[in-house]
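Undergrad: A predicted structure for the sequence below; I have some questions about it.
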Amino acid sequence: MSTPSPRRYVVIGAGGVGAALAAGLTDAGLDVVLVSRGATLGVVRERGLRFTHAGRTRVLDVPVAGGPDEVGLRAGDVLVLATKSQDAAATLPLWAWSARADGGVGADLPVVLLQNGLEAERIALRYFPTVVGGVALIAARHVVTGEVDVANAPRLGEVVLGAYPSATAASPAGAAAQAAAQAAAQAVARAVAEQVAADLDRAGWLAQHVTDIERWLAWKLVASVTFAVGVLSGDDDERARLRTELAAEARAVLAAAGQDPADAARELAHDRSLAAVASGAHGPGQQSPWQAFARGAGSEVDFLNGEVVLLGRLHGVPTPLNHALQTVLGRSAARGEGPGVHSVADVRTLAG
């Protein structure tokens, strides 16, 4: 294994995305610490994190910490937030205001966001001047605590990274110093995004740096609003129709908000077949919301379908199906219910 670089990745979140990032970066000889919490932290400390990819199961050889105090933040660290969207608001300030061993605080470090939805990057900018937005595409199954199974092969998955925001509005007259500071922060974020993309390419991912990350976040949102349909019961045709209509509502509100989603088929530079998902590896529709309901771990639906509802309210666009799905599954999550308790018909009835 090569000598670790002075750059250290602090991967916050030991679920599917975080485990795959830690595995790849460690295999590439990069310095990594994986941060977990709760039951997962206890299991990982007791017997390690079991990671399966391309038919091989192993226990990851990576340091594990329970929070910033155990990590000991330092210059050269890159924070990578791999938690679920609903956890970003509580997690980011915890890391931003943690003292660094060499002086300063965590907010002085760059942070990379890999959440679904549009909100995590905005939250991060409240604390961190150097923010990299990201879109992760990976078929990772995390249902059993401390065990992650990735179905993509031969690469671990795909990731698109870019400085956030990709541009800022013109500063008012007399604010030259502020404009210069903003430009400098964006230049740093672009350099970080390029470096992280290069490291992830070495680490077994298909990674691409872009200069318009907002368009990619919007593209992923259109796909993400369909994920929670897998939590519902119903036949395949019913679920397929609901997915199509949910995505159509998402496109409508994004258009009203002036957001132009990326065209992945045209704009991705890599060969996506290199991260193809093995046929039948995971159950159909068992994406992250299904897995969260199966574990009783809450739901990110409020930041996916709820984001569409929010944009609809802001821009006067009806979103009855996204609102109904958010409501049905919000109530279900609050009751601690598992997948399959509610149906496609329940959503359509509520939508009217």
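TA: Great, that's in hand. This is a predicted model, so every value here is computed, not measured.
Undergrad: what segments of the stretch 201-350 of the chain are strands?
TA: Assigned by DSSP state E, counting those that start in this stretch, the strands in the stretch 201-350 of the chain fall at 206-209, 275-277.
Undergrad: quick one: strands adjacent to the first one?
TA: Strand partners for strand 206-209, identified by DSSP bridges, are recorded as strand 158-163 (parallel).
Undergrad: hmm, who's touching the partner strand?
TA: 112, 114, 131-138, 186, 189-190, 192-193, 196-197, 200, 205-213, 216, 268, 270, 272, 275 (CB atoms under 8 Å, 6 or more residues apart in numbering). Where you see a C-beta, it was placed from the backbone N, CA and C, and this is true even at glycine.
Undergrad: return the most buried member of the strands of the stretch 201-350 of the chain.
TA: Per-stretch averages of neighbours, counted by mean count of other CB atoms under 10 Å, single out strand 206-209 among the strands of the stretch 201-350 of the chain, with a mean of 22.
Undergrad: give me the buried subset of the contacts of strand 158-163.
TA: Using 16 or more other CB atoms under 10 Å as the burial test, the contacts of strand 158-163 include 112, 114, 131-138, 186, 189-190, 192-193, 196-197, 200, 205-210, 213, 216, 268, 275 as buried.
Undergrad: backbone dihedrals for Pro129, please?
TA: With angles defined as degrees, to the nearest 10, Pro129 sits at phi -80, psi -20.
Undergrad: what count of nearby residues applies to the closest residue in space to it that isn't next to it in sequence?
TA: Spatially, and ignoring its direct neighbours in sequence, Pro129 is nearest to Ala185 (4.6 Å; CB to CB, 6 or more residues apart in numbering). Neighbour count for Ala185, taken as other CB atoms under 10 Å: 18.
Undergrad: quick one: the helix or strand containing Ala185 to chain centroid distance?
TA: Assessed by DSSP states H and E, Ala185 sits inside helix 176-202. Remark: helix 176-202 is offset 19 Å from the chain centroid, using CA atoms, centre = their mean, to the nearest Å.
Undergrad: one more: stretch 91-100?
TA: The chain centroid and the centroid of stretch 91-100 are separated by 19 Å under CA atoms, centre = their mean.
Undergrad: now the helices for the stretch 201-350 of the chain?
TA: 213-224, 236-256, 264-267, 288-295, 305-315, 320-334, 344-351 (DSSP state H, counting those that start in this stretch).
Undergrad: export the shortest one as PDB, just CAs?
TA: The C-alpha trace of helix 264-267 is given here as PDB (Å, rounded to 0.1, in the frame of the first residue of the first chain):
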ATOM      1  CA  ALA A 264     -26.700  12.900 -17.400                       C
ATOM      2  CA  ALA A 265     -26.900  10.900 -20.600                       C
ATOM      3  CA  ARG A 266     -25.200  13.800 -22.500                       C
ATOM      4  CA  GLU A 267     -23.000  15.400 -19.800                       C
END
